[in-house]
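Novice: just need the structure, nothing else, for what follows:
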Amino acid sequence: MKPFAQIFASLLIASLCTCGSTSSPNPGSPNPGTPNPTATGFKTAAMLPEGLKDLEQDLSPLLVELVEMARSKSQNPTALTGTLTQSGNTFTYSASPTDRLRVVWSDGVVYEFRITQFQGNLSGGGRAFYKGNHLLQFGAQLKPDNEMGPVNLSIRSQRQGSNLSVSLGGSAVFDGQSYTLNLSYAQQVLSDFGPGSIEFRHQDTLQGSLQGPSLQVQVSETYDFRLVGSSSLVMQTIRTLNNTWTEGGQQFRLQNGLIKRVFRDGNPIEADFWTASGDLLRGGVRVGGFGQAFTGNLLEQFLDTPSGRVRLGVFRF
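Specialist: Residues are numbered from 1 along each chain as shown. Below you'll find the predicted structure:
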């Protein structure tokens, strides 16, 4: 995400996460002669749903801030289109094009948004708009990073009180493969920012499907996010996974997957509270699972599969 997307990012982690797949001994005992699917399928089922959810949670607040900037610079209180061009830490605005909001970042990367619904109160700024009751509906075209992209997304975000509902469609390329998306998640805010300190917690449920040329994933995940502190910030994330998918005629499931992480001011802490557990099943038989291990002061969380180890993240303690 680009530097301007700092609405919540300043409160979140700057972890040393590196994602990818590496070779490792076969952790399961597949039947002789049974072909193993590629590690790409396991990686997609374990990582892409969360990556798309995180991308939407960056994009929707970012879009609100960009619209606020476009309206200010154009002196048009209803502007939803045009071009914002970044140079250093400043932006200039032009009224063209008239069918989308185009953002040209200082490194030449381009984001494009086609906005069809923009309902909410901008009088308190972009953050207040997104945290308050709103309805956003837009298309987004961009390339988030080297592993995901390009993406062509259709997003609808609606908040009523403490409840947020989001639908996410379109397509995304992940690890070189293209997927059609049909995802939705519901978020309930259980506590919010207070004066002089922060106590913020929300719980999310992510459901839906990812469809690729040879891979179909049914997504069933939950998230518990907590952020507390005043002079320093402690963040805890708990993710559960029960995703299922079909690849190469074989049925797989992530059963009782649990990934827990704790940070203070962006740095990993409390290693004893970190968890990566749960089973990988093929046809109901365990053939791998989640785990974590230290190498020196680096903690790796991973998914062991019949095709090798999928690295979920590496964190320096």
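
Novice: could you pull up the contacting residues of Lys73?
Specialist: 84, 91-93 (CB atoms under 8 Å, 6 or more residues apart in numbering). Using the backbone N, CA and C atoms, a C-beta is placed for each residue, glycine as well.

Novice: ok so Phe252 is a strand residue?
Specialist: Yes: counting by DSSP: H, G, I helix; E, B strand; the rest coil, Phe252 is located in a strand.

Novice: how much space separates it from Thr44?
Specialist: As defined by CB to CB, to the nearest Å, Phe252 lies at a distance of 11 Å from Thr44.

Novice: how much space between the residue lying closest to Arg286 once chain neighbours are set aside and Pro306?
Specialist: Closest residue to Arg286 apart from its sequence neighbours, by CB to CB, 6 or more residues apart in numbering: Asp279 at 5.1 Å. With distances taken as CB to CB, Asp279 is found 13 Å from Pro306.

Novice: ok, these two, which is more surrounded?
Specialist: Each of Asp279 and Pro306 has its neighbours counted (other CB atoms under 10 Å); Pro306 has more, 21 against 15.

Novice: pretty sure that one contacts Arg282?
Specialist: Yes: in this structure, Pro306 is within contact of Arg282 by CB atoms under 8 Å, at 7.2 Å.

Novice: gap between Ser60 and Thr180?
Specialist: Using CB to CB, Ser60 is found at 21 Å from Thr180.

Novice: out of these two, which sits in the busier spot?
Specialist: Between Ser60 and Thr180, counted using other CB under 10 Å, Ser60 has the larger neighbour count: 21 against 13.

Novice: what residues are up against that one?
Specialist: 130, 136, 155, 157, 166.

Novice: spell out the secondary structure type for the closest residue to the first one other than its chain neighbours.
Specialist: In this structure, Tyr130 finds its nearest non-sequential neighbour in Pro61, 4.6 Å apart by CB to CB, 6+ apart. Under the three-state scheme (three-state DSSP), Pro61 adopts helix.

Novice: count of neighbours near Pro61?
Specialist: By other CB under 10 Å, 22 other residues sit near Pro61.

Novice: my read is that Thr92 contacts Ser74, right?
Specialist: No: using CB under 8 Å, Thr92 makes no contact with Ser74, being 10.7 Å away.

Novice: okay, these two: which has more neighbours?
Specialist: Using other CB under 10 Å as the criterion, Thr92 and Ser74 rank with Ser74 on top: 16 against 11.

Novice: and the more buried one, how far from Leu210?
Specialist: Between Ser74 and Leu210 the distance is 38 Å, computed by CB to CB.

Novice: over to Val64?
Specialist: To Leu210, Val64 is 27 Å away according to CB to CB.

Novice: now Arg159
Specialist: Where Leu210 is concerned, Arg159 sits at a distance of 25 Å (CB to CB).

Novice: who has more neighbours out of these two?
Specialist: Taking neighbours as other CB under 10 Å, Arg159 and Leu210 compare with Leu210 leading, 24 against 21.
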